[in-house]
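**Q** Below are the sequence and a predicted model for it; my questions follow.
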Amino acid sequence: MTEDEVERGSAHDPENPAWTPDELAAARLIRPAAERKIPVSIRLDREVLDYFKDQGPGYQSRIGAVLLAYVRSQQATPAR
């Protein structure tokens, strides 16, 4: 899919509404504490890995932070 196709598709996705300017302004990166980290092996799409690596050192921590934010958002959402 092209970026435009992704944007058009997500614009009509009721489960993934666009962020409001207030939500974007309030968003913060939460880095997990180092002592809670456990070494694992994981397979990622090349595009995902390249994206995080292109942002510089600390890419593994950023990937972990994104996953942790997802887990916390799911825990805060009532099950359907």
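**A** Sure, I can see it. No experiment lies behind these values; they were computed from the predicted model shown. Numbering: from 1, shown residues only.

**Q** For the rest of this, base every contact and every neighbour count on C-alpha atoms.
**A** OK.

**Q** could you say what helices and strands the longest helix belonging to the chain packs with?
**A** For the chain, the helix reaching the highest residue count under DSSP state H is reported as helix 59-76. If you count contacts as 3 or more CA pairs under 8 Å, 6 or more residues apart in numbering; DSSP states H and E, helix 59-76 packs onto helix 46-54.

**Q** mind showing which ranges of this structure have poor pLDDT?
**A** Applying pLDDT under 70 to the chain flags residues 32, 34, 79-80.

**Q** could you redo the last one with a cut-off of 80?
**A** Along the chain, segments meeting pLDDT under 80 span 10-12, 16, 30-37, 77-80.

**Q** Centroid-nearest residue for it?
**A** Residue closest to the mean C-alpha point of the chain, counted by CA atoms, centre = their mean, is Val66 at 4.0 Å.

**Q** what's it in contact with, if anything?
**A** Leu29 (CA atoms under 8 Å, 6 or more residues apart in numbering).

**Q** Quick check: it vs Arg8, distance?
**A** According to CA to CA, to the nearest Å, Val66 and Arg8 sit 24 Å apart.

**Q** and what of Glu47?
**A** According to CA to CA, Glu47 stands 21 Å off from Arg8.

**Q** Now the longest helix of the chain: buried residues?
**A** Using 16 or more other CA atoms under 10 Å as the test for burial, helix 59-76 gives Tyr59, Ser61, Arg62, Ile63, Gly64, Ala65, Ala69.

**Q** In three-state terms, label the spatially closest residue to the second one that is not a sequence neighbour for me.
**A** Okay, so that is Ser61. Computed as CA to CA, 6 or more residues apart in numbering, the closest residue to Ser61 that is not its neighbour in sequence is Arg31, at 6.9 Å. The three-state label given to Arg31 by DSSP: H, G, I helix; E, B strand; the rest coil is coil.
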